[in-house]
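1. predicted model, plus sequence, below.
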Amino acid sequence: MYIIRKAMEYFKPKINRAYMNEALKRLSENEKKIFLEMSDYDKFHSLEVYKKSEKKTDLKKMMRSI
């Protein structure tokens, strides 16, 4: 089952457009150009990494406030 899910992510990645627009706001013009020229899978993977880093940043902020 795992390999089927990974194959689907590779061949038909589902990119959350709202989340992508949020991430694009943080990029410089050159970075945006590079990102938009990437393959759909690379965009998907980059956004997944971004999402995980955002969660860690939020957790760090929460721990500091305690």
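-> That came through fine.

2. so where's this protein uncertain?
-> For the chain, the stretches with pLDDT under 70 are 58-66.

3. how about the strands of it, start to end?
-> Remark: no strands are assigned in the chain by DSSP state E.

4. now do the helices in it.
-> Under the criterion DSSP state H, helices of the chain are mapped to 2-11, 17-24, 29-37, 40-65.

5. in CSV: those, plus mean neighbour count.
-> Heads up, the C-betas are built off the backbone N, CA and C, glycines and all. As requested, those are exported to CSV (neighbours: other Cβ atoms under 10 Å):
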stretch, mean neighbour count
helix 2-11, 10
helix 17-24, 12
helix 29-37, 11
helix 40-65, 12
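
6. what residue is smack in the middle of this protein?
-> By Cα atoms, centre = their mean, the chain has its centre lying nearest to Leu47, at 0.7 Å.

7. just checking, that one touches Met20?
-> Yes - at 6.1 Å, Leu47 counts as touching Met20 under the criterion of Cβ atoms under 8 Å.

8. not counting its neighbours along the chain, what's nearest Glu9?
-> Nearest residue to Glu9 in three dimensions, chain neighbours excluded: Phe44, at 6.7 Å (Cβ to Cβ, 6 or more residues apart in numbering).
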